[in-house]
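> sequence first, predicted coordinates after that:
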Amino acid sequence: MTYLILALATWRISALLTKEAGPFHIFEKLRERSGITHDADGQVQMIPSKFFAELLSCVWCASIWVATGWVVLYVLAPDVATILALPFALSTVAILVDRFS
């Protein structure tokens, strides 16, 4: 069950980093700092060929690094990793229920 929680949390954080504006547009600003430009609607216009820009434009790419972070935290403090991942995992489930209901 813990691995499922960590997996769902990995997707949620990866999606936040690569696709969403976030509160106060924090994730959009992070992507812009990496060189990614957005149009007036917040859609990505251009992704420069830089490591962080490419990382922050691809859920698959970001998920490797996010998952690695969860693994390191889980090895060091399994209970802390699970508790921190739980809200992200629950958010993922809520998104899935909303999309498929």
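Cool, got the structure.
> what lies in contact with the strand or helix carrying residue 4?
Mapping residue 4 onto the secondary structure by DSSP states H and E places it in helix 2-19. For helix 2-19, the surrounding residues in contact (Cβ atoms under 8 Å, 6 or more residues apart in numbering) are 22, 27, 30-31, 56-59, 62-63, 66-67, 70-71, 74, 78, 81-82, 84-86, 88-89, 91-93, 95. No exception for glycine: its C-beta is placed from N, CA and C like everyone else's.
> now intersect the residues you listed with the strands, please.
Secondary structure defined by DSSP state E assigns none of these to strands.
> for PyMOL, what selects the buried ones among these?
Selection of buried members from those for PyMOL, criterion 16 or more other Cβ atoms under 10 Å:
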select buried, resi 27+31+56+57+62+63+66+67+70+74+81+82+84+85+88+89+91+92
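> now, which of the contacts of helix 2-19 lie within helices?
The members of the contacts of helix 2-19 that map onto helices under DSSP state H are 27, 30-31, 59, 62-63, 66-67, 70-71, 74, 78, 81-82, 84-86, 88-89, 91-93, 95.
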